[in-house]
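Q: sequence and predicted structure below; questions after.
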Amino acid sequence: MAGSNDKSRIQTDIGQDVIDAAVRSVERHMDEEDEVTVIEVGASSPSTPVEAEASPSPEDTASPPPDAEAPPSEDVAALRQEVESLKAQLEFSQAKGRETMERLREAHERAKEAQERTVRHAADLENYRKRAQKEKEEVQRFGSEKLLKDLLPVMDNLDRALDAAAKTPDLDSFEKGVAMTRKSFEDALGRHGVKGFSAKGQPFDPRLHEAIQQVETADVPAGHVAHEVVRGFYLNERLVRPAMVVVARAPAEPVAAAEPPATAEPATATTDTEAPAAPAQSENSSGGSQ
C-alpha cells in the first residue's frame, strides 16, 4: 500500500503499437463523452516495463482505495478488444476498398471497350455510307446496261431488215422480218419484267385504261373498250403505262317512230302547196281542146 500522496503505478509488458492504438481509442472515447481525464503513458522498449500514471483526485489524497495496487486487468482486456475491433474494421475497410477499386477498374475497362466499339461502328457506318453513295451513282449511270445489251440485237435485226428491203423489194419478206424483229423486241422486254396487256373488249377500268373518246356502237356492250389505240404495259406487276382506249356507248333510238304527229303536218303542207296547181292543169286541158 502506498501513501495518500503517492501515485498508483501499474507495470505490464505491452507492445508499442498496441499501446499507441489503445491510447488513440481511449482519447477518442473521452472526446465523445466530454470527460476531462488525462492519461499519461510512458513507453520504452518491449522488454522494459511501461508505467501509466493517473493524476490523483482530491478523494484519493484524502482516503486511498484499498485495492489501488491491483492491476486493471479489465481495462487491458477492454483495450485489447477495442484494438481487435479496430483491426477488424480496418481489414474490412481495406477489403471493401480493394473490391471497390476492382469494380472501378472493370467499369473503366468496359467503358474503354465500349468507346472503342463506338468508334469502330462509326467508322464502319461512314464507310458503308460512302459505298452506298458510290453504288447509287453507278446504278444511275450504268443501271440500264443489261437492258441495252438485250435491245442491241433488236436494232441489228432492224438494220438487216432495212438492208434486205433495199436490195429486194419483196413486201412479204419485209413484213415477215419486221414481225420477227418485233417479237424479239417483246421477248427482250419480257426478260426485264415488262409485259403488255390487251384492253379491247374489256370493261373500262380507270385504273388500267385512259379513255380518249366515246363512240356509239353495238359491237360491244356499253362501257366496254371498243378500240385500243395504245397498249398498256406492266413492269413487274406494276402499271407503267395505261392503255389508251375508245369506250363504247349505246346507240340512240330512232326519233321518227317516236313522233307520228310531226309527219302529219308536212302532209297538209304539201296539199296546201299543190292546191294552186289545179287551175294550171285545167288550163292545159282547155287549151288542148281548143
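A: Nice, I can see it.

Q: for the helix or strand harbouring residue 123, give the mean pLDDT please.
A: Per DSSP states H and E: residue 123 is located in helix 73-142. Across helix 73-142, the average pLDDT comes to 91.

Q: where do the helices sit along this protein?
A: In the chain, the segments counted as helices under DSSP state H are 16-32, 58-62, 73-142, 145-167, 171-191, 261-274, 278-289.

Q: okay if I get these as JSON lines plus distance to residue 247?
A: C-beta: built from backbone N, CA, C; applies to glycine. JSON lines is the format used below for these (distance: least, CB to CB, whole Å):
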{"stretch": "helix 16-32", "distance to residue 247": "107"}
{"stretch": "helix 58-62", "distance to residue 247": "132"}
{"stretch": "helix 73-142", "distance to residue 247": "40"}
{"stretch": "helix 145-167", "distance to residue 247": "33"}
{"stretch": "helix 171-191", "distance to residue 247": "27"}
{"stretch": "helix 261-274", "distance to residue 247": "33"}
{"stretch": "helix 278-289", "distance to residue 247": "57"}
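
Q: of all these, which one comes closest to residue 233?
A: With CB to CB, the closest approach to residue 233 among those belongs to helix 171-191: 8.1 Å.

Q: tell me the buried residues in that closest one?
A: Under the neighbour-count criterion of 16 or more other CB atoms under 10 Å, helix 171-191 has 174, 177, 181, 184-185, 188-189 buried.

Q: show me what counts as buried in stretch 136-151.
A: Residues of stretch 136-151 classed as buried: 150-151 (neighbour count, 16+ other CB under 10 Å).

Q: quote the end-to-end distance of that stretch.
A: From its first residue to its last, stretch 136-151 covers 23 Å (CA to CA, to the nearest Å).

Q: hmm, back to that, what helices or strands is the helix holding residue 123 leaning on?
A: Helix 73-142 sits against helix 16-32, with contacts defined as 3 or more CB pairs under 8 Å, 6 or more residues apart in numbering; DSSP states H and E.

Q: switch to 10 Å and redo it
A: Contact partners of helix 73-142 among helices and strands, from 3 or more CB pairs under 10 Å, 6 or more residues apart in numbering; DSSP states H and E: helix 16-32, helix 145-167.

Q: circling back to that earlier point, any chance of the buried residues of helix 171-191 in a markdown table with pLDDT and distance to residue 149 as columns?
A: Formatted as a markdown table, those follow (pLDDT from 0 to 100; distance: CB to CB, whole Å):
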| residue | pLDDT | distance to residue 149 |
| --- | --- | --- |
| 174 | 83 | 27 |
| 177 | 85 | 22 |
| 181 | 89 | 17 |
| 184 | 90 | 13 |
| 185 | 90 | 14 |
| 188 | 89 | 9 |
| 189 | 89 | 13 |
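
Q: and these, which two are the farthest apart?
A: Using CB to CB, the pair of those lying farthest apart is 174 and 189, separated by 22.8 Å.

Q: quick check: closest non-adjacent residue to residue 151.
A: residue 188 (5.7 Å; CB to CB, 6 or more residues apart in numbering).
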